[in-house]
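*Asks:* Let me see the structure of the following:
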Amino acid sequence: MNKRLLSIPVAAVAMLLTGVSSCTKSNTLKGQASLKTSARSVTAGDTILNVTYESGTTDSGIPGLPGSDATAPDAAYMVSPGATGNYAIAHKVVYGDSAYYSDGNWRSETTARSLTYTHFTPGQERRYEFSVLLKDWPAWTSAESATRSNIFQCRVSSSSAYVPIMIRLQRNAIQLRRADQSTATLVSNYMNYANQWMHFRVDVKWTLDSTGYIKTYNKLPGQSGYTQSSSIENIRTYTGDTTVNGGGKFGYAKWGVYGVPDNITGIVYHDDIRIIALN
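*Replies:* Numbers count the residues shown, from 1 in each chain. As a prediction, this is how the structure comes out:
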């Protein structure tokens, strides 16, 4: 036995353990999953995912979190400053360039699909937060389709299931498309906030019956706090079939740029993506 180890006072060992605990807590705050979260034993108020990008990397220091599936070297890259810290991620899509085409569309997205501890299933209540900046987006013209790009999604694992929460650019507005296929306008004209950070929050109760809800809140430039922008209750929010393999047994979050109008380069910054357990 190592006599040098035996000579370390008990108090010093306690200090070492405290230091390890503090380091682990710090890493968790930087975007790592805690052991409690990994085991899915979450309680109300727990932060399940915290993507701050303060690692300076497109995975935010979280193993299994891809920057993008697109092959272009600048499909996903870091920008500085971020919404609240030093860094944020930029997703870029150039229409017509195959290097920005992935998973069946013009897209560059980060997906939490492989992070099983972030998945949502019926019966859970979750809060989704993210900050977004639309980099140099041109104003909509009547020559374009009404839908320009999706910038945040909560979708289920079946490709045939309707996406229950989709936040997208619709003409010059930011719109929410919900599980019941209804829509709500979150920002009437995002051109008023060109190249500025906007903050969004979505509260949802995931259900297979009509007891669910989806509520959204915005904090726009010049605002000190969140204000409610839409609310719908007494609806089914989970669109998958949990009884069939491949039918949508779980859901997950995605953010980036999905789809762009013809002949347009779309760049969107994202930061501070959080998933929080509610009651």
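*Asks:* hey, let's count contacts and neighbours off CA atoms from now on
*Replies:* Will do.
*Asks:* sec struct for residue 59, please.
*Replies:* Here residue 59 is coil, with the state taken from DSSP: H, G, I helix; E, B strand; the rest coil.
*Asks:* burial measure for it, as a count.
*Replies:* Per other C-alpha atoms under 10 Å, the neighbour tally for residue 59 reads 19.
*Asks:* quick one: it from residue 75, how far?
*Replies:* 13 Å (C-alpha to C-alpha, to the nearest Å).
*Asks:* now do residue 229
*Replies:* Counting by C-alpha to C-alpha - residue 229 and residue 75 are separated by 31 Å.
*Asks:* Also residue 219?
*Replies:* For residue 219 relative to residue 75 (C-alpha to C-alpha), the value is 27 Å.
*Asks:* repeat for residue 146
*Replies:* 24 Å.
*Asks:* which one of residue 229 and residue 75 has more residues nearby?
*Replies:* residue 75 (24 against 18).
*Asks:* my read: the more buried one touches residue 93, true?
*Replies:* Yes - taking contacts as C-alpha atoms under 8 Å, residue 75 lies within contact range of residue 93: 6.5 Å.
*Asks:* Now for these two: what residues contact both?
*Replies:* Counting by C-alpha atoms under 8 Å, 6 or more residues apart in numbering, the residues touching both residue 75 and residue 93 are 100, 108.
*Asks:* Show me where this protein has its helices.
*Replies:* 3-6, 10-29, 35-38 (DSSP state H).
*Asks:* So, low pLDDT: which residues of the stretch 1-150 of the chain?
*Replies:* 1-40 (pLDDT under 70).
*Asks:* Recalculate using a threshold of 50.
*Replies:* 1-39 (pLDDT under 50).
*Asks:* Strands of that one, residue ranges please.
*Replies:* Assignment of strands within the stretch 1-150 of the chain using DSSP state E, counting those that start in this stretch yields the ranges 47-51, 76-79, 88-94, 101-102, 105-111, 125-135, 147-156.
*Asks:* what would the ones you listed look like in JSON lines with mean neighbour count and distance to residue 213?
*Replies:* As requested, those are arranged in JSON lines below (neighbours: other C-alpha atoms under 10 Å; distance: least, C-alpha to C-alpha, whole Å):
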{"stretch": "strand 47-51", "mean neighbour count": "23", "distance to residue 213": "20"}
{"stretch": "strand 76-79", "mean neighbour count": "20", "distance to residue 213": "33"}
{"stretch": "strand 88-94", "mean neighbour count": "28", "distance to residue 213": "30"}
{"stretch": "strand 101-102", "mean neighbour count": "19", "distance to residue 213": "32"}
{"stretch": "strand 105-111", "mean neighbour count": "24", "distance to residue 213": "23"}
{"stretch": "strand 125-135", "mean neighbour count": "21", "distance to residue 213": "9"}
{"stretch": "strand 147-156", "mean neighbour count": "23", "distance to residue 213": "14"}
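*Asks:* Indicate which one of these is closest to residue 247.
*Replies:* strand 147-156 (8.7 Å; C-alpha to C-alpha).
*Asks:* From the contact counts, what lies against the longest strand anywhere in the chain?
*Replies:* As assigned by DSSP state E, the longest strand anywhere in the chain is strand 265-277. Counting contacts by 3 or more C-alpha pairs under 8 Å, 6 or more residues apart in numbering; DSSP states H and E, strand 265-277 packs against strand 47-51, strand 88-94, strand 125-135, strand 251-258.
*Asks:* now the residue lying closest to residue 274 once chain neighbours are set aside: how far from residue 116?
*Replies:* Leaving aside its chain neighbours, residue 274 sits nearest to residue 50 (4.6 Å; criterion: C-alpha to C-alpha, 6 or more residues apart in numbering). Distance check for residue 50 against residue 116: by C-alpha to C-alpha, it reads 14 Å.
*Asks:* Now do the contacts for residue 275.
*Replies:* Counting by C-alpha under 8 Å, 6+ apart, residue 275 has contacts 47-50, 118, 126-129.
*Asks:* From one end of stretch 244-261 to the other, what's the distance?
*Replies:* 36 Å.
*Asks:* close enough to count as contact, residue 177 and residue 166?
*Replies:* Yes - assessed by C-alpha under 8 Å, residue 177 is found in contact with residue 166 at 5.1 Å.
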